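>>> coordinates only, no sequence provided:
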């Protein structure tokens, strides 16, 4: 397994502002994943972040809205830009550790946009 | 579009009984199958993974996989109130190797 530290754990933000979420892993991993979980819904993959290359975004998500950094093999950030109330959600960082397909999650960031 | 389907519930089960959670998936080439437990306000926690047809047991949990029917299930024996949570079925190893999550089944264990 992997230990994943994600911060902030929650935040309340004004519309039009941006929030950067950090994800730190206790071991080196090739791919890191960012998910969104809206109230009462399942997890939706936003993008996959590989170290040394641009993130790969899923349909419906764009780099201008959700820029991602991946400066090394243990760290990534997701920024939610120009926020609106529709961005209120839980954002989760995930890794697949140890060469197996199992995903492990950070504690999540509960974002409320007012 | 690849999908993972679950009954949203809630599924109410008396304490001590067997809880049975079901999941179907659409991508026939999927290779890896997972069950996650998510308590309210918490992140998902992996509780079972299964990769081949048949049953896999771990304590009170048994995962069952039938690739021909594209069906995965999770049985929880001797259900406890602490088992009350949302259970997410997830599937990986399809053509693009991404993990796809179902919407989850809310399980409520009745004391």
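Great, that's in hand. Quick caveat, the model's predicted, so the values are computed rather than measured. Numbers count the residues shown, from 1 in each chain, chains lettered A, B, ... in the order given.
>>> get me the contact residues on chain B for chain A.
B:31-32, B:34, B:41-46, B:49, B:88, B:90, B:92-93, B:97-99, B:101-104 (Cβ under 8 Å from any Cβ of the partner chain). Bear in mind the C-beta positions are built from the backbone N, C-alpha and C, glycine included.
>>> same thing but at 7 Å, please
Contact residues (Cβ under 7 Å from any Cβ of the partner chain) of chain B with chain A: B:32, B:34, B:43-44, B:46, B:49, B:88, B:92-93, B:98-99, B:101-104.
>>> show me the shaky parts of the chain.
Looking at chain A here, since you left the chain open. Residue ranges of chain A with pLDDT under 70: A:97-101.
>>> wrong one, chain B
For chain B, the stretches flagged by pLDDT under 70 are B:1, B:93-97.
>>> now do the strands in chain A.
A:4-7, A:10-13, A:19-25, A:31-37, A:43-50, A:56-57, A:68-72, A:75-80, A:89-96, A:103-105, A:109-113 (DSSP state E).
>>> other residues contacting the fifth one?
Right, the one you point to is strand A:43-50. Outside strand A:43-50, the residues within contact range by Cβ atoms under 7 Å, 6 or more residues apart in numbering or on different chains are A:30-37, A:55-58, A:61, A:66, A:68, A:70, A:76, A:92, B:98, B:101.
>>> would you list the buried entries among these?
The neighbour count (16 or more other Cβ atoms under 10 Å in any protein chain shown) marks A:31-37, A:55, A:57-58, A:61, A:66, A:68, A:70, A:76, A:92, B:101 as buried among the contacts of strand A:43-50.
>>> what's the local residue count around residue B:41?
Residues lying near residue B:41 (other Cβ atoms under 10 Å in any protein chain shown) number 9.
>>> contact partners for the closest residue to it other than its chain neighbours?
Excluding the flanking residues, the one nearest residue B:41 by Cβ to Cβ, 6 or more residues apart in numbering or on different chains is residue A:110, at 7.8 Å. With contact set as Cβ under 7 Å, 6+ apart, residue A:110 has these partners: A:9-10, A:90.
>>> redo the residues you listed as CSV? Include neighbour count.
Shown next, in CSV, are these (neighbours: other Cβ atoms under 10 Å in any protein chain shown):
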residue, neighbour count
A:9, 11
A:10, 13
A:90, 20
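>>> picking up where we left off before, which of the residues of chain B next to chain A fall within strands?
Those of those lying in strands (DSSP E): B:32, B:34, B:46, B:49, B:88, B:92, B:101.
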